[in-house]
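Colleague: Give me the fold of what follows.
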Amino acid sequence: QEAQEQEAQEEAQEKEESKEETSEENEEEDVEEVVFELGENGIVIAVTYDRSFTARLIQNEVAKAYYSEIKNHCLSYGLKPRMSWKAESFYLGRNTYVRAKVNGKTLCLYLALDPKAYEDSTLPFKDVSDKKTYEKTPMLVRVRSDLGLRRAKRLIEVIAEQAGLTKKETPLVDYAAALAYEQTDALLEKGLIKKVKKASETIVRAQQTESSEQTDKKAETPVLPIASEPEQEEPEEVVFELSDEEIEDVTFELAGEEEEEDIEDVTFELAEQTPQEQSAGMESYGVAGKEEKPVTLRKYVRGFSAKMCQGDVERKEYYAAIKSALLSFRGVKVKASFPGETFKKGAKPLLKSRIRGKALCLFFALDTDSYKQTIYRQQYRGDTKAYVATPMMVRVKSEQGLKRAMRLIEELQRVFELKEGEAVSALEVQKQYLYEETPALVEKGLIKTRLVTVTEYEAEAILKKQAKG
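Modeller: As a prediction, the model looks like this:
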């Protein structure tokens, strides 16, 4: 009788979960908390609280308890955990079998099972095979109750049986105990929540005269990238703003349309001249029959670390996975420089990392000829002196690109006979690239600045190019 009552309760709970499942069909997975603030110089700042998977668990008592059970169950089959910013994956070799995320308040498991095989069952699940991120783990189940937990465990057992994995006696670990609740401010300090600021709009037109009818009006234009000055090997990311500091005259040329890509997060601001500048009587330039006064611009050149700090969250996640994988090999060290990072085993370079435009570019110490007619979209860069030893370039702009890069890292392991060492946490790597404002990065030397002079005509052209993107 007790068994029948329990079965009836579980059946009622199943119906309730099915209702919840239906109500969540159109629910966004990762809705971030966004607020808007008015910053300096009239810039509207969108502040996003980007919570990591760990932070979501810390602030969710129910989800962390189920997570602890699921993790112990996965590890008992010999699966290895890999933590990223958004999720924790359980894998073996090249195969990922379970991926855990927290969406809203619910622990979600993405399983390496065919959803079509369960279409006629009463099991509540969702087919997410249409999303590239989950093409290897297309079956989504939500764990919101003890019944949901038991179902999830049974499905993991099915995965293990299909993969030929044997359950082993492993000590149970209370992973929830290590995730004690903390306030948002504390998690911000630890880097488990990121406060991402992005300039939505920037004022680009200043007051012309005090008597003008437009004195108190401001024109705004979206922050868009423009081309940089030509560079032979590593195009630099540049930003200009008007300055009132004294400088030496330098020449300046507008970049052509064929310029190498490597610019983003560019802003310009017009500033009024100080009384000292007005009294100095600056020399005029003749442009198209008009007298043009020289304009002082401050040029910001962003290094690799600065681009990472102020770049997309996805790019940080991709690079953290790549960097942690490389540093997990014995004897592999990383050397940071202004344009990028170089990974070496002794004196042998294995990989160089750069950022061009919005793409993370990796230069592998692999023979490009050996990878022609393969899935790797690689380009030969060995004709450039900087990449003679690492001639094979691939771009990482998506989850698929990351998977290919990780396979090439396995190729590095094979070619250079790298041995696995102590695992390096991808989450710890991400903490190296927490968002910082430009002045802080300038002070650290991660952004270089210098002053140049251009004519008013050239300044106008720069602003127009920025507005057009």
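Colleague: Do you know the pLDDT at residue 436?
Modeller: Confidence at residue 436, expressed as pLDDT, is 90.
Colleague: cool, residue 115 as well?
Modeller: Per-residue pLDDT puts residue 115 at 93.
Colleague: Run through the residues that contact the residue nearest to it when sequence neighbours are not counted.
Modeller: Spatial nearest neighbour of residue 115, chain neighbours left out: residue 127 (3.8 Å); criterion: C-beta to C-beta, 6 or more residues apart in numbering. Where you see a C-beta, it was placed from the backbone N, CA and C, and this is true even at glycine. If you count contacts by C-beta atoms under 8 Å, 6 or more residues apart in numbering, residue 127 has them with 115-116, 138-140.
Colleague: Which members of these occur in strands, if any?
Modeller: 139-140 (DSSP state E).
Colleague: The residue nearest to residue 115 bridge partners, please.
Modeller: Note on residue 127: beta-bridge partners by DSSP bridges are residue 139.
Colleague: mind checking the end-to-end distance for stretch 82-100?
Modeller: 10 Å (C-alpha to C-alpha, to the nearest Å).
Colleague: right, and the helix or strand after the helix or strand containing residue 320?
Modeller: Applying DSSP states H and E as the criterion places residue 320 in helix 313-327. Towards the C-terminus, the helix or strand next in line after helix 313-327, according to DSSP H and E, is strand 332-336.
Colleague: on contacts alone, who are the packing partners of that next one?
Modeller: When contacts are defined as 3 or more C-beta pairs under 8 Å, 6 or more residues apart in numbering; DSSP states H and E, strand 332-336 packs onto helix 313-327, strand 341-345.
Colleague: let's see 6 Å
Modeller: Under the contact criterion of 3 or more C-beta pairs under 6 Å, 6 or more residues apart in numbering; DSSP states H and E, strand 332-336 touches strand 341-345.
Colleague: And the contacts of the strand it packs on?
Modeller: Identification of contacts with strand 341-345 by C-beta atoms under 6 Å, 6 or more residues apart in numbering yields 326, 331-335, 349-353, 416.
Colleague: for the stretch 351-469 of the chain, what spans make up the strands?
Modeller: Assigned by DSSP state E, counting those that start in this stretch, the strands in the stretch 351-469 of the chain fall at 359-364, 379-380, 392-396, 447-455.
Colleague: quick one, which of those is packed in tightest?
Modeller: strand 359-364 (a mean of 23; mean count of other C-beta atoms under 10 Å).
Colleague: Tell me the strands beside that one, with direction?
Modeller: For strand 359-364, pairing defined by DSSP bridges yields strand 348-356 (antiparallel), strand 392-396 (antiparallel).
Colleague: returning to that earlier point: how about the helix holding residue 320 as CSV, C-alpha atoms only?
Modeller: C-alpha atoms of helix 313-327 as CSV (Å, rounded to 0.1, in the frame of the first residue of the first chain):
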residue,chain,number,x,y,z
VAL,A,313,32.4,36.8,-22.2
GLU,A,314,32.2,34.0,-24.8
ARG,A,315,35.8,34.7,-26.0
LYS,A,316,37.0,34.6,-22.4
GLU,A,317,35.4,31.3,-21.9
TYR,A,318,36.9,29.9,-25.1
TYR,A,319,40.4,31.1,-24.2
ALA,A,320,40.2,29.9,-20.6
ALA,A,321,39.4,26.4,-21.9
ILE,A,322,42.3,26.5,-24.3
LYS,A,323,44.8,28.0,-21.9
SER,A,324,43.9,25.6,-19.0
ALA,A,325,44.2,22.6,-21.4
LEU,A,326,47.7,23.7,-22.4
LEU,A,327,48.9,24.5,-18.9
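Colleague: quick one, it and strand 341-345 angle?
Modeller: 20 degrees (axes from the mean of the first three to the mean of the last three C-alpha atoms, to 10 degrees).
Colleague: who does helix 313-327 touch, helix- and strand-wise?
Modeller: In terms of contacts (3+ C-beta pairs under 6 Å, 6+ apart), helix 313-327 is packed against strand 359-364, helix 399-415, helix 426-430.
Colleague: Make CSV out of those and add distance to residue 151.
Modeller: Shown next, in CSV, are the helices and strands packed on helix 313-327 (distance: least, C-beta to C-beta, whole Å):
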stretch, distance to residue 151
strand 359-364, 38
helix 399-415, 27
helix 426-430, 29
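Colleague: May I ask you to confirm that residue 133 is in contact with residue 402?
Modeller: No. Contact criterion C-beta atoms under 6 Å: residue 133 and residue 402 do not qualify, at 10.2 Å.
Colleague: okay, the two: which has more neighbours?
Modeller: residue 402 (19 against 15; other C-beta atoms under 10 Å).
Colleague: so who does that one touch?
Modeller: Residues in contact with residue 402 (C-beta under 6 Å, 6+ apart) are 318, 396.
Colleague: Would you mind measuring from it to residue 189?
Modeller: Going from residue 402 to residue 189 by C-beta to C-beta, to the nearest Å gives 29 Å.
Colleague: How many residues are close by the closest residue to residue 413 other than its chain neighbours?
Modeller: Spatial nearest neighbour of residue 413, chain neighbours left out: residue 329 (6.7 Å); criterion: C-beta to C-beta, 6+ apart. Residue 329 is flanked by 20 other residues according to other C-beta under 10 Å.
Colleague: re the thing from before, Throw the strands paired with strand 359-364 into a markdown table and include distance to residue 374, thanks.
Modeller: Converted to a markdown table, the strands paired with strand 359-364 look like this (distance: least, C-beta to C-beta, whole Å):
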| stretch | distance to residue 374 |
| --- | --- |
| strand 348-356 | 18 |
| strand 392-396 | 11 |
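Colleague: Out of those strands, which gets nearest to residue 309?
Modeller: Closest to residue 309 of the strands paired with strand 359-364 is strand 348-356 (C-beta to C-beta; 11.1 Å).
Colleague: Show me which residues of the closest one are buried.
Modeller: 349-356 (16 or more other C-beta atoms under 10 Å).
Colleague: That strand - what's its average pLDDT?
Modeller: 95.
Colleague: try stretch 134-148
Modeller: 93.
Colleague: how about the strands of the stretch 101-250 of the chain, start to end?
Modeller: Using DSSP E, counting those that start in this stretch, strands in the stretch 101-250 of the chain cover 106-111, 126-127, 139-143, 193-203, 220-222, 237-242.
Colleague: and the ones you listed, which one's lowest on average pLDDT?
Modeller: The minimum mean pLDDT among the strands of the stretch 101-250 of the chain belongs to strand 220-222 (a mean of 39).
Colleague: which residues does the residue nearest to residue 413 form a beta bridge with?
Modeller: residue 420.
Colleague: Mark which of the contacts of residue 127 are buried, thanks.
Modeller: By neighbour count, with 16+ other C-beta under 10 Å, those hold 115, 138-140 as buried.
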